[in-house]
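> structure of the sequence below:
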Amino acid sequence: MSIVEVEEELEGIATIDSGDEFPFSSEDSAESAESESDSEEEDGLRRQRETRVTATPTASNDPRLEGGDRTSPDSDGVPQGFSEHGGFSDKVRLSDDPKPLEFLTLMVPDSVYKTCTEQTNKYARDNLAANSKADHKGYSRVHGWPNEGISEAEMRTFLALNIAMGLVYQEDIQDYWSLDEVMETPFFPSIMRRDRFLLILKFFHLSDNDTYHPRGHPQYNPMHKLGTIYEILVERFKTMWYPGQQIGVDEGVVPFRGHPNFRKDKPDKYGDGLKAYQLCDATNGYCCQFKLYGGKKKELSAKGMRHDIVSKLVEPYLQEGHTLHYENCYTSPQLWHNLRDAGTKARGTRRNRKSSTPKSASTGKRRHSEKEITKPESQQEYNQYMCALDNSNLCFRSNMYRLKWWKKAFFHMLSLAIVNAHLLQKEYMSARGKKALLEHKDFQREVVKELISTSGYERVRQEERSGPSASSLLRLTGRHFLEKIGQTEGGRNRNRTCKVCGPAERKYRRDHGFLVAKRSGHESAYQCDQCQVTLCITPCMELYHTEEDYQEAWIKLQHPNE
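Below is the predicted model of the structure:
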């Protein structure tokens, strides 16, 4: 029979390990069982004191350590012979040498990309039907939206670029397409044009607005904006990996500063955002269950919201001999008893509350005591398994501050799917005696490459993009020579606006009140071989490499009397 062990902790947190009795005072127990008599409370405290001095069973006399039928419970109602490590489910199908994208496909099936494409095209059609392109200004990006909509290949590329933005961080999303020598990131403009990306982001949608029911309606669903993709991802998380003996419940947050009706009431240690609940494998951090907080529901039980959430998350793993770890916010006598009756052990922490802490769970401070204090084994195990849950928080950063809440939630779940996929790859390699070669950021990078290369999307040709390279910062030093700009596919010479006289002439006309021509300056077929900028042979080549303010120098040269 297992023994109650209530160990002391230096900073006022008691580690509670499941056993015969729950070491709570009568004040705590009254929350779930107000009908208990005074004699029952005294008996409970007496039994706690007795178990405090009872020896813990050794391996020789503990029947659970001797193996046996998994469905045969021990004296505590917990099944025997449970495997400590999890494993892949029967639904997993992988090749002999799986690539990172194969593991991601286990989490994000092809139907997700198809649904995103269909709902985005539908929302764009509905939006343009109400506000046609003719109603938008001439410079609006909306004019670039194709009448037939975007393809699934383009959607895959769009999502791949979003994942890549978590690896290469810029303060503003448009900086990824910047031509500035310091800010430029050539990868993004080489894949998709800026206006195209922002246009897809504008119309990006996951659900059909025609089936939406407003708040207060009997069929109102706060997660409707996430569509069926929310259920697909949650189901994939649950069915691709079965956790080991140690599992844990933790809270997460989707960074968001807007004000949906179900946003957290007040910030806590996780910061502002949408609250999420996760049940993870405590040995590797794999997220098995995920649930977004959608506001308080009317059908809450009398046991409380947190009790209902934990019960819902752990439901698929009851009567299997798991040990559930959780923080003090979930600790309650009712939850502990329910888990014990369902064949599941529990280990958590609780905070001191003045008179509500029994002597058997005292956590008095020992800062000035000369006695050496050893951290209890139960507390060490609790810290070990709860820290493993942090692996599920390796979500990529998002610099899209102005997104709606459901877009933030989707990209958060997409990043969580990548975390899970990477953990599956590590488990796959470990099962074959190999060490995973890719860290999380490297795995994420390879996913981006494979998504784009297998999408079939036609990339932007490198030669169509003109702008200064990083080497142009050294334009006043070094050796510079002109070279011919490459020809077009048809064999014609390619001319571009000069880097010096073009901007300089526009500046001069603007400062003097003249009409600024659409194409100012001269066009040249030559560029600097080191700086990779288009220049006229004379005088622009010399001015660009000798004058710090080459535009002002050109104006003085062309208009000496001013």
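> C-alpha from now on. contacts and neighbour counts both.
Noted.
> quick one: buried residues of stretch 195-204?
With burial defined by 16 or more other C-alpha atoms under 10 Å, the residues of stretch 195-204 counted as buried are 195-201, 203-204.
> pull the distance from it to the chain's centre.
Its chain's C-alpha centre lies 21 Å from the corresponding centre of stretch 195-204 when counted by C-alpha atoms, centre = their mean, to the nearest Å.
> can you list the weak-confidence ranges in the stretch 401-550 of the chain?
Scanning the stretch 401-550 of the chain for pLDDT under 70 picks out the ranges 401, 460-473, 518.
> typo on my end, the chain
Flagging of the chain using pLDDT under 70 yields the residue ranges 1-85, 258-272, 296-302, 351-373, 378, 382, 384-385, 387-401, 460-473, 518.
> the stretch 401-550 of the chain: helices as residue ranges?
Along the stretch 401-550 of the chain, the segments classed as helices by DSSP state H, counting those that start in this stretch run 405-431, 440-455, 501-511, 540-546, 550-558.
> need phi/psi at residue 97.
Geometry field for residue 97 lists phi and psi as phi -130, psi 80, criterion degrees, to the nearest 10.
> for residue 103, see how far away it is.
11 Å (C-alpha to C-alpha, to the nearest Å).
> so for these two, which residue has more residues nearby?
When residue 97 and residue 103 are compared on other C-alpha atoms under 10 Å, the one with more neighbours turns out to be residue 103, at 23 against 7.
> three-state assignment of the more buried one?
What DSSP: H, G, I helix; E, B strand; the rest coil gives for residue 103 is helix.
> nearest residue to it other than its sequence neighbours?
residue 421 (5.0 Å; C-alpha to C-alpha, 6 or more residues apart in numbering).
> against residue 411, how distant is the one you found?
With C-alpha to C-alpha as the criterion, residue 421 and residue 411 are 15 Å apart.
> now swap in residue 242 and tell me
If you measure residue 242 against residue 411 using C-alpha to C-alpha, the figure is 24 Å.
> picking up where we left off before, what about the residue nearest to residue 103, how many residues nearby?
Under the criterion other C-alpha under 10 Å, the count of neighbours that residue 421 has is 27.
> ok, now which ones touch it?
Counting by C-alpha atoms under 8 Å, 6 or more residues apart in numbering, residue 421 touches 100, 103-104, 106-107.
> which of these ranks first by neighbour count?
Taking other C-alpha under 10 Å to define a neighbour, the member of the contacts of residue 421 with the most is residue 107, carrying 26 neighbours.
> where exactly do the strands run in the stretch 451-562 of the chain?
Under the criterion DSSP state E, counting those that start in this stretch, the stretch 451-562 of the chain contains strands at 482-484, 496-497, 523-524, 526-528.
> list the helices and strands the last one packs on?
Applying 3 or more C-alpha pairs under 8 Å, 6 or more residues apart in numbering; DSSP states H and E, we find strand 526-528 packed against strand 482-484.
> which residues outside the strand it packs on are in contact with it?
The list of residues contacting strand 482-484 from outside it, by C-alpha under 8 Å, 6+ apart, reads 525-529, 537.
> mind doing that once more with 6 Å?
Where contact means C-alpha atoms under 6 Å, 6 or more residues apart in numbering, the residues beyond strand 482-484 that reach it are 526-529.
> now those residues as a markdown table including distance to residue 181 and neighbour count?
Formatted as a markdown table, the contacts of strand 482-484 follow (distance: C-alpha to C-alpha, whole Å; neighbours: other C-alpha atoms under 10 Å):
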| residue | distance to residue 181 | neighbour count |
| --- | --- | --- |
| 526 | 20 | 23 |
| 527 | 17 | 25 |
| 528 | 15 | 23 |
| 529 | 16 | 15 |
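> check those and tell me the two furthest apart.
Based on C-alpha to C-alpha, the longest span within those runs between 526 and 529 and measures 9.0 Å.
> ok, which stretches of the stretch 101-250 of the chain are strands?
Taking DSSP E, counting those that start in this stretch as the criterion, the stretch 101-250 of the chain carries its strands at 241-242, 246-254.
> so which of these gets nearest residue 512?
Among those, the nearest to residue 512 by C-alpha to C-alpha is strand 246-254 (52.0 Å).
> neighbouring strands - and their directions - for the helix or strand just after that closest one?
With elements assigned by DSSP states H and E, the helix or strand that comes after strand 246-254 is strand 274-281. Each strand pairing with strand 274-281, determined using DSSP bridges, is listed with its direction: strand 246-254 (antiparallel), strand 287-292 (antiparallel).
> mind giving me JSON lines with those and columns for mean neighbour count and distance to residue 140?
Below are the strands paired with strand 274-281 laid out as JSON lines (neighbours: other C-alpha atoms under 10 Å; distance: least, C-alpha to C-alpha, whole Å):
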{"stretch": "strand 246-254", "mean neighbour count": "23", "distance to residue 140": "31"}
{"stretch": "strand 287-292", "mean neighbour count": "23", "distance to residue 140": "36"}
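> what would these look like in a markdown table with distance to residue 227?
What follows is these, written out as a markdown table (distance: least, C-alpha to C-alpha, whole Å):
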| stretch | distance to residue 227 |
| --- | --- |
| strand 246-254 | 18 |
| strand 287-292 | 13 |
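> just to revisit the earlier point, buried deepest among the helices of the stretch 401-550 of the chain, which one?
Mean neighbour count (mean count of other C-alpha atoms under 10 Å) peaks for helix 405-431 among these, with a mean of 21.
> now it and strand 246-254, what's the angle there?
Between helix 405-431 and strand 246-254, the angle formed by their directions is 150 degrees, by axes from the mean of the first three to the mean of the last three C-alpha atoms, to 10 degrees.
> any idea how far residue 89 is from residue 309?
From residue 309 over to residue 89 the distance is 25 Å, taken as C-alpha to C-alpha.
> the more surrounded of these two?
Using other C-alpha under 10 Å, the more surrounded residue of residue 309 and residue 89 is residue 309, with 18 against 13.
> just give the closest residue to the more buried one, not the sequence neighbours.
residue 277 (7.9 Å).
> ok, residue 125 to residue 229 distance?
Distance, residue 125 to residue 229, using C-alpha to C-alpha: 21 Å.
> more neighbours, these two?
When neighbours are counted by other C-alpha under 10 Å, residue 229 comes out ahead of the other of residue 125 and residue 229, with 22 against 18.
> please name the nearest non-neighbouring residue to the more buried one.
By the measure of C-alpha to C-alpha, 6+ apart, the closest residue to residue 229 outside its immediate chain neighbours is residue 112, 6.2 Å from it.
> over to residue 184?
Closest residue to residue 184 in three dimensions, ignoring its sequence neighbours and counting by C-alpha to C-alpha, 6+ apart: residue 178, at 4.9 Å.
> number of nearby residues for the one you found?
Other residues near residue 178 come to 17 when the count uses other C-alpha under 10 Å.
> cool, and residue 273?
When counting by other C-alpha under 10 Å, one arrives at 24 neighbours for residue 273.
> what does stretch 117-125 contact?
Applying C-alpha under 6 Å, 6+ apart, the contact partners of stretch 117-125 are 149, 152, 203-207.
> ok, 7 Å please
When contacts are defined by C-alpha atoms under 7 Å, 6 or more residues apart in numbering, stretch 117-125 is touched by residues 149-152, 155, 203-208.
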